[in-house]
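next come a sequence and a model predicted from it.
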Amino acid sequence: MDKSPLNASSVAQLIGMGSCLREAARARNWSALMRLDAEVASLLDGFDPGLCKPTELAAWKQLCTAHENALLDCQREVRRLDQALEQMRQHREGWQAYAGSQDWMPEERAA
């Protein structure tokens with residue numbers, strides 16, 4: 001977006017993007033969030049809130065809040081995955097020993 005003021009369709013687009021961000025975060029749809037993040041960045045490239053009318057500024061602030069909340073959700077998921085991976089690393093030797101002690105060959109069926 002150049003530094004020109006927003007118009008009604010831009011405001012609707014900001015509101016729609018905020019809704020999409022909230023929904024993707026709620027659904028834990030990380031690939032959609034990644035795509036939406038890029039779309040938000042493109043939409044707001046060169047954006048100047050100082051040139052906005054109050055309704056435009058409100059839509060922008062709602063989008064910012066939705067984006068910040070989605071970012072926090074992503075950070076929480078990264079921490080959860082880090083913890084799960086660390087737990088797997090800690091138990092790897094035990095799982096390997098267990099797997100090595102098992103007979104994993106399929107049983108032959110009587111004909």
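Received it, and whenever you're ready, just let me know what you need.

run the chain-centre distance for the lengthiest helix in the chain.
Taking DSSP state H as the criterion, the chain has its longest helix at helix 54-101. Taking C-alpha atoms, centre = their mean, to the nearest Å, the mean C-alpha location of helix 54-101 is offset from the chain mean by 9 Å.

where does this protein dip in pLDDT?
1-8, 103-111 (pLDDT under 70).

the same query, at a cut-off of 50, please.
For the chain, applying pLDDT under 50 flags the ranges 1-2.

list the residues that contact Ile15.
Contacts here follow C-beta atoms under 8 Å, 6 or more residues apart in numbering; on that basis Ile15 touches 59, 62-63. The way it works is simple: take the backbone N, C-alpha and C, and place the C-beta from them, glycine included.

what helix or strand is it on?
Taking DSSP states H and E as the definition, Ile15 sits inside helix 8-26.

what angle do that helix and helix 54-101 make?
20 degrees (axes from the mean of the first three to the mean of the last three C-alpha atoms, to 10 degrees).

would you mark the buried spots in the following helix or strand past helix 8-26?
Next helix or strand after helix 8-26 toward the C-terminus (DSSP H and E): helix 30-43. Residues 32-33, 36-37, 40 are the ones in helix 30-43 that count as buried (16 or more other C-beta atoms under 10 Å).

same list (those residues) but as JSON lines, adding distance to Glu77.
Listed next are these as JSON lines, based on distance: C-beta to C-beta, whole Å:
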{"residue": "Ala32", "distance to Glu77": "13"}
{"residue": "Leu33", "distance to Glu77": "10"}
{"residue": "Leu36", "distance to Glu77": "15"}
{"residue": "Asp37", "distance to Glu77": "14"}
{"residue": "Val40", "distance to Glu77": "19"}
